[in-house]
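K.L.:
Got a predicted structure plus its sequence, pasted below:
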Amino acid sequence: MATPLVSMHDIHKAFGPVKVLEGVDFELIAGEVHALMGENGAGKSTLMKILTGIYAPDSGTIQVDGKPVSITTPADAEKYGIAIIHQELNLIPALSVADNLFLGREIQRFGLLDRKAMVKKAMEWLAQVGMEKLDPDTLVERLSVGTQQMVEIARALGQNARVLIMDEPTAALTEHETTTLFKLIRALREKGTGIVYVSHRMEEIFALCDRISVLRDGKFVGTRPVPGLAFDEVVKMMVGRTLEARFPARTSTPGKVRLQVEHISGGMVKDVSFDLRSGEVLGVSGLLGAGRTELARLLFGLDKPSEGRVLLDGEVVTATNPNQAIHAGFGFLTEDRKAQGLVLDLSLRENVSLPRVPAHIGLVDRRGEKTQTRGLIEALKIRTRDMELNVSALSGGNQQKVVLAKWLALKPRVLILDEPTRGVDVGGKAEIYHIINQLAEQGVAILMISSELPEVLAMSDRILVMHEGHATALLEAHGATQETVMTAATGGH
Amino acid sequence: MTLQLNWSQAKTLFQRLGSVIGLLLLFIVLSVLSPDFLTTGNLLTVLRQVSINALIAFGMTFVILSGGIDLSVGAILAFTGAITASLMAAGHGMVLSVGAGLALGAVLGMVNGALVSWGRVAPFIATLGTVTLLRGLTLAYTQGSPIPVTNPGFAMLGGGYIANLIPLPVIWMAVAFILCGFLLRGTVFGRHVVAIGGNEEAARLSGVRISPMKLAIYGLSGLLSAFAGVVLTSRLYSAQATAGAGYELDAIAAVVLGGTSLAGGRGWLFGTLIGALLIGFLNNGLNLLGVSSFYQQVVKGIVILIAVLLDRRQ
């Protein structure tokens, strides 16, 4: 067999006490598309950050073309021809395509920018990715996400990248853009470029990739060639057990109607109606941009509905800010816990009591606060030595439990969960599902937005499916399948 | 039992103790170099000089902790000082005049808060605007000449002593420190200030009402600046249109020297007190050592830069 382009062996990496990678091997040969899979938090992005010089490994070796190398800075990675196309694109919107392509390595003549040479070269590079029609003088902000991605790939190839790492490249692309991207990836493979394809999308991976490597909880599970590989086998490698065991059985029975949403519209959301019962979990499913989070924002008073009304236990609620929504009985666990859920510089205790600090006439009741926090730490099994520790020191799963604790302290009547298990490892997920079950048993009405279909199917009583702002289906979870949900989510019938 | 100290906690502790250690070092060095330094009279004089900056810096601590900045403190000091003095010159009583000055300071601060919250103007720009506006108003109102104060009771506020020894401004500083410290650590308000500075979006989504909070935070800064204006006016027996020029920078320096992050969300009030004392004792020491006032500025700048470099986080 040919010498691998890149081979990483026995890579270890820990952040403080948290072991993120424990003895991971990874190998990429020229002219292959190699999928790197694993659940959130499995260590995929850390491994790729090590390969591109953003993190240094604690131990382990990296070889390029069979020779041991040390990659400690992004410049090293560039030198060995390793480039990464990030999920969030790294172009500067206010600069032109050519300016972006040559950012940091501008062509100069007598100390001045040689624009003519750069534009000419830019056109060559763009042609390599099939974008010969794109004018290099166009400002990047005018380009679609798909085109921007092509520009990024052109930049990487222009720098003679032989290893291209793509992190969820299709996440924000239209179907047409995805097709174009796949065509390019196949063409690059023919030319001998090695491509690492990081994604969760099984269909794409089976259609595109030659081999799959799987990580689980920071450990290397294995590498398999795609031909002859079964879907279920990959899932089993990723989760370490079959799907059924991942979700605890639902235990609650829905009671009386608690939340009535009638013809609500606003922003992306168009004329959505549904009921939510106490003790019920209503899953909300839909593709990226279907208006799920926007629906939650309307209910929580973050955006103003243009039409429709919301009734909570029979009474009309008009919340124009989160404060009012909270007083009405809503809780909202947001999808981005670091940006929206937690104050990372504050302690666990201070985060938990942020929505309502135990206090008498404005004076903090320290003892009451500690009792409350201790109770919630026990109830949610938050693993921490000390409630005074900054929440930034906790693992993703424990951080998510802190956000949950924050809302449980308020005893909400309706709890909105937006991607409650994102970035949480498998064990932590199971615990969060268990908490959701317990809350439902206590009569909390739960609206659970999730992009993970198995989660929605297993944890909901009913499923509201959204497509382009409309509610396209309201299904009984019992009897619904991934196919019926996906059909409604893509606007089909 | 092993004592395990979290790395971030240890680092915070070191950063916090840094300013205290700095102050102690300065104390020792000045005591050795100048025989006049370690005398009750000199120390109390420095404390009195520090009190004006400390009062302003306490308010600034709240603003910076919440992720903002207030450049208008010196201008508020001058304007409210002039109003207070002219009210008294017009024959109004001291309580009414001082009360009006303080209330005006709070209102002006709240205008800053309104610009920052409802107007969505960056704090630096909003308060830069009010500085220019208030300086102009003060000059127009006083026509550039000092407004003398003759009320003997008022003169005591900044010039009086307790037990013929401790200057009253030092008492004000101590009282303000205790009240502000309690406000920051013991009340829901203080908790929310830090939360807003740490992550405004998370605080908003947790039901913290950001706009009223910012009004209150900048209002508090305005109130304390006005109080500093009253004390200064009293000490000088007159209000001057140009009073307080550059005080905002001294206040910010005190806050930063004390280890509070300019990005907001982390810091402490005790550090600000230490920072203000550092600046005060440094000025005093350089005076005693006969360093020219030109070089004093140079030294002060270097100290601030060193402190910030030591404080720099990865």
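P.N.:
Arrived safely. Residues are numbered from 1 along each chain as shown, chains lettered A, B, ... in the order given.
K.L.:
low pLDDT regions in the chain?
P.N.:
I went with chain A, as the question did not name one. Scanning chain A for pLDDT under 70 picks out A:1, A:40-41, A:87, A:241-245, A:425-426, A:492-493.
K.L.:
that's the other chain; I wanted chain B
P.N.:
B:1-16, B:311-314.
K.L.:
Just give the closest residue to the residue in it positioned nearest to chain A, not the sequence neighbours.
P.N.:
Taking Cβ to the nearest Cβ, chain A has its nearest neighbour within chain B at residue B:198, 3.7 Å off. (C-beta placed from N, C-alpha, C; glycine too.) Take residue B:198 and drop its neighbours on the chain: the residue closest to it by Cβ to Cβ, 6 or more residues apart in numbering or on different chains is residue B:265, 3.3 Å away.
K.L.:
give the contact list for that neighbour.
P.N.:
The contact partners of residue B:265, taken as Cβ atoms under 8 Å, 6 or more residues apart in numbering or on different chains, are A:343, A:345-346, B:65, B:67, B:194-195, B:197-199.
K.L.:
Just the residues you listed: which are in strands?
P.N.:
Among the contacts of residue B:265, no member falls in strands (DSSP state E).
K.L.:
export these to CSV and tack on distance to residue A:285 and neighbour count?
P.N.:
Converted to CSV, the contacts of residue B:265 look like this (distance: Cβ to Cβ, whole Å; neighbours: other Cβ atoms under 10 Å in any protein chain shown):
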residue, distance to residue A:285, neighbour count
A:343, 31, 24
A:345, 35, 23
A:346, 34, 25
B:65, 42, 27
B:67, 37, 22
B:194, 38, 24
B:195, 33, 27
B:197, 37, 27
B:198, 33, 25
B:199, 29, 25
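K.L.:
What is the nearest of the residues you listed to residue B:307?
P.N.:
residue B:65 (17.9 Å; Cβ to Cβ).
K.L.:
Is the closest one in contact with residue B:197, as I believe?
P.N.:
Yes. With contacts counted by Cβ atoms under 8 Å, residue B:65 reaches residue B:197, the gap being 4.8 Å.
K.L.:
any shared contact partners between the two?
P.N.:
B:264-266.
K.L.:
that older thread, okay, the contacts of residue B:265 in a markdown table with distance to residue B:310 next?
P.N.:
Converted to a markdown table, the contacts of residue B:265 look like this (distance: Cβ to Cβ, whole Å):
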| residue | distance to residue B:310 |
| --- | --- |
| A:343 | 25 |
| A:345 | 19 |
| A:346 | 24 |
| B:65 | 20 |
| B:67 | 22 |
| B:194 | 23 |
| B:195 | 27 |
| B:197 | 22 |
| B:198 | 22 |
| B:199 | 26 |
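K.L.:
which ones among these are found in helices?
P.N.:
B:65, B:194-195, B:197-198 (DSSP state H).
K.L.:
can you pull the contacts of whatever residue of the stretch 101-250 of chain A ends up closest to chain B?
P.N.:
Closest approach between the stretch 101-250 of chain A and chain B, counting by Cβ to the nearest Cβ: residue A:218, at 20.9 Å. Contacts for residue A:218 (Cβ under 8 Å, 6+ apart) come out as A:19-22, A:24, A:42-43.
K.L.:
What is the nearest of the residues you listed to residue A:361?
P.N.:
Using Cβ to Cβ, the contacts of residue A:218 come closest to residue A:361 at residue A:20, 46.3 Å.
K.L.:
List the residues that contact that closest one.
P.N.:
Here residue A:20 is in contact with A:13-14, A:43, A:46, A:218 (Cβ under 8 Å, 6+ apart).
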